[in-house]
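> I'll drop the sequence and a predicted model, then ask my questions.
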2 protein chains.
Amino acid sequence: MTDKDIRRRTIHDVAKAAGVSISTASNALNGTGRTNAETRERVKRVAKDIGFRPNALARSLLTKRSHAIGMLTNDTYGRLTLPMAAGVSEVLVDQGLSVFLCATNNDPRLARLHLEALLDRQVDGIIFTATRLDLPPPIELSKLPIPVVYVFAEGPSDHISFVPDDAHGARLAVEHLKNSGRSRILHITGPDDYVAVRRRANAYRDSVGEGAEVLYGDWSEEWGHFAIDAVFSRTGEKPDAIFCGNDEIARGVIDALRDKGIGVPNDVAVIGFDNWEVIAKQTRPPLTTVDMELKELGRRAGLAILALAAGEDVDTGTTRLPCSLVVRKSCGGEL
Amino acid sequence: MTDKDIRRRTIHDVAKAAGVSISTASNALNGTGRTNAETRERVKRVAKDIGFRPNALARSLLTKRSHAIGMLTNDTYGRLTLPMAAGVSEVLVDQGLSVFLCATNNDPRLARLHLEALLDRQVDGIIFTATRLDLPPPIELSKLPIPVVYVFAEGPSDHISFVPDDAHGARLAVEHLKNSGRSRILHITGPDDYVAVRRRANAYRDSVGEGAEVLYGDWSEEWGHFAIDAVFSRTGEKPDAIFCGNDEIARGVIDALRDKGIGVPNDVAVIGFDNWEVIAKQTRPPLTTVDMELKELGRRAGLAILALAAGEDVDTGTTRLPCSLVVRKSCGGEL
DNA sequence: TCGTGATGGTAAAAGGTTTTATCAGATTCA
DNA sequence: TGAATCTGATAAAACCTTTTACCATCACGA
């Protein structure tokens, strides 16, 4: 119960208990310098016995490696951030790195506050992550004295960014629809001021060719409804497949089709984007959709930061990671 | 481009530039000790001019306050964690505290790894947060040498916990339904091995009295559908209001009612729980629901940790925070 | 002139670790 | 035997800050 009991054991304690000097203790524990195998074992055993764990602060102060990184995000609900953070964490935790999570709310003042705190803490690197690719960071990140990696956001071209390959995702969707025998494929998507929206739309157009049609709107179920109402009340040929810009739109589309008595997937196949499970699994029928592999994105960013912090150099520029297709029931024809 | 340029300015640099000793510089900057107003200003100005920021590592090493806390979570998708983390962060950032986010995945090995890293980093406290109230932490947290606060989780009774007041939330829902003239209120909820489910159900029963009926199932839309099908195909009086255990169930319920041609809110009022906006806003009609005030929960936890770390003592035990009602259209009768 | 008390400032220790340079002793080689 | 080399261990410096204890200096009253 005394103060003495609560204070952590230091390397001094180890050295004293093992009857060696502090430097020998340090060398033995870290395998540095020259140490007799026998003493090395003895020191290690003593250290374990008395429950010695090195003070990370002291170590970092000296080595100038804090083994911590900062993650700046502007995502309030965490739908995108948390899977990425999990990926980052996954590759870092075993290397003994920890991550500071900083919610900036897109507020420059807050961003600055967090950034300065991170710098004061001597973090080994910073990962910036956003909710859309083309949103610039709320604060200048490009001339920091430490490595910066962008995930789900595109930094300056001489920096390192990881983003989903939207074009690939769109092709995946269209090919899947074609393979299940659909020929009149419509694209209902979000606002065209999103670069991701434009990329997907372009890939869709390239892949579909003749007869491609893109309807831009917002990211809501309501827009899905509305678009279906509009498309199916006009004259002319009707689509037999719809590629949606995200799962919410897809859900609206599916509900609207059902309301009209149009069968999914028999009459019209529907495919989403995001694989946001709470939506995708609960549509009727469950939604086939494109997964952006957010966790993998995080892993790659973690790996990059790790390499940079270790002084290796990493190719700059934007890496586009392939998406994957999650097949459920809304397109029929699972092989 | 030299090393010299990239190295951060230290208090040495400030002292030299201001022509004072290191201790004077420190005293001037921190307002400790006795310093002449004139020198104090000069030192501060010099510090600002050369861009001095104290090294948090060195400071923490000495003061034994790292100004960092750890947040342990097992929530992968962040729906609950991120709003709470935002609350925590909100009250901490201005005090200069940062938070380590540690995703444990409910894996004891991972939890231990993270916990040890946090302890090695001398964090000032730990916040444990879960996805359900009655899930014990994947690792023993009760006899740590630093303060621990539980949020959305209940720790041992001599610890500090913040949870939503489920009973209050349930009463809020029932009273709202009663006030809009409903009398036959049914409760469709999740699995009864959740303590939150039982608390809400009990409060519901107390509040409704005669005729209360609780249907336990799982947290899915599907269960909402199924329950409605069952209830409306049996003989006898039908409910005119349904209190759902979460928003997903509520959405299933609303969809099922619409499928049956039963009007919401005219024939049956529906109220949800969680205020998970992506669901609640997109139901047709938009869902009136109970909000658990997750951010406030986080704020309170942050405040508690702050007080504990400052050595003040805080009442132990579980604090149940009131919920709030978010009125949309699914109960009609907005005043 | 001597004590007393305030004032403004400083040297040095402390915090816990890693690393460099050095040292004593043993071994090898000529 | 003496010099050179190797081995294992250590003292001390370094990282950057805060804090304690101490030291001049000056003014004041007796």
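Perfect, thanks for sending it. Nothing here was measured: the structure is a model prediction, and the numbers come from that model.

> name the helices or strands packed onto the longest helix anywhere in chain A?
The residue-count maximum for a helix in chain A (DSSP state H) belongs to helix A:294-309. If contacts are counted by 3 or more CB pairs under 8 Å, 6 or more residues apart in numbering or on different chains; DSSP states H and E, helix A:294-309 sits against helix A:81-93, strand A:125-129, strand A:148-151, strand A:160-164, strand A:317-321. C-betas here are computed from N, CA, C, even on glycine.

> Which among the ones you listed is found nearest to DNA strand D?
Nearest to DNA strand D, of all those, is strand A:125-129, at 18.3 Å by CB to the nearest atom of the strand.

> quick one: is the closest one near chain B?
No - contact of strand A:125-129 with chain B (CB under 8 Å from any CB of the partner chain) is absent, the minimum separation being 12.1 Å.

> Mind listing residues that contact that strand?
By CB atoms under 8 Å, 6 or more residues apart in numbering or on different chains, the residues outside strand A:125-129 that reach it are A:69-73, A:75, A:80-81, A:84-85, A:88, A:99, A:115, A:118, A:137, A:141, A:144, A:146-153, A:155, A:301-302, A:305, A:308-309.

> from those residues, which would you call buried?
A:69-73, A:75, A:80-81, A:84-85, A:88, A:99, A:115, A:118, A:137, A:141, A:146-153, A:155, A:301-302, A:305, A:308-309 (16 or more other CB atoms under 10 Å in any protein chain shown).

> Run the chain-centre distance for the longest helix of chain A.
9 Å (CA atoms, centre = their mean, to the nearest Å).

> what angle do that helix and strand A:317-321 make?
150 degrees (axes from the mean of the first three to the mean of the last three CA atoms, to 10 degrees).

> what is the mean pLDDT for helix A:294-309?
When pLDDT is averaged along helix A:294-309, the result is 95.

> Now do that helix: everything it contacts.
Looking at what lies outside helix A:294-309 - CB under 8 Å, 6+ apart - the contacts are A:65, A:69, A:80, A:83-92, A:95, A:97, A:124-125, A:127, A:129, A:147, A:149, A:151-152, A:160, A:162-164, A:313-314, A:319, A:321.

> So among these, which ones count as buried?
A:69, A:80, A:83-92, A:97, A:124-125, A:127, A:129, A:147, A:149, A:151-152, A:160, A:162-164, A:319, A:321.

> filter these down to the ones close to DNA strand D.
Among the buried ones among the contacts of helix A:294-309, no residue is within reach of DNA strand D (CB under 7 Å from any atom of the strand).

> leaving aside the residues next to it on the chain, what's closest to the most centrally placed residue in chain A?
Chain A has A:Met84 as the residue nearest its centroid, 2.8 Å off, counting by CA atoms, centre = their mean. Nearest non-adjacent residue to A:Met84, counting by CB to CB, 6 or more residues apart in numbering or on different chains: A:Gly298, 3.8 Å away.

> is it fair to say A:Ala15 lies in a strand?
No - using DSSP: H, G, I helix; E, B strand; the rest coil, the assignment for A:Ala15 is helix, not a strand.

> All the helices of chain A, residue numbers only.
A:3-6, A:11-18, A:22-30, A:37-50, A:56-63, A:81-93, A:108-120, A:166-179, A:195-208, A:221-233, A:247-259, A:277-280, A:294-309.

> Since that was my last question, I'll sign off now.
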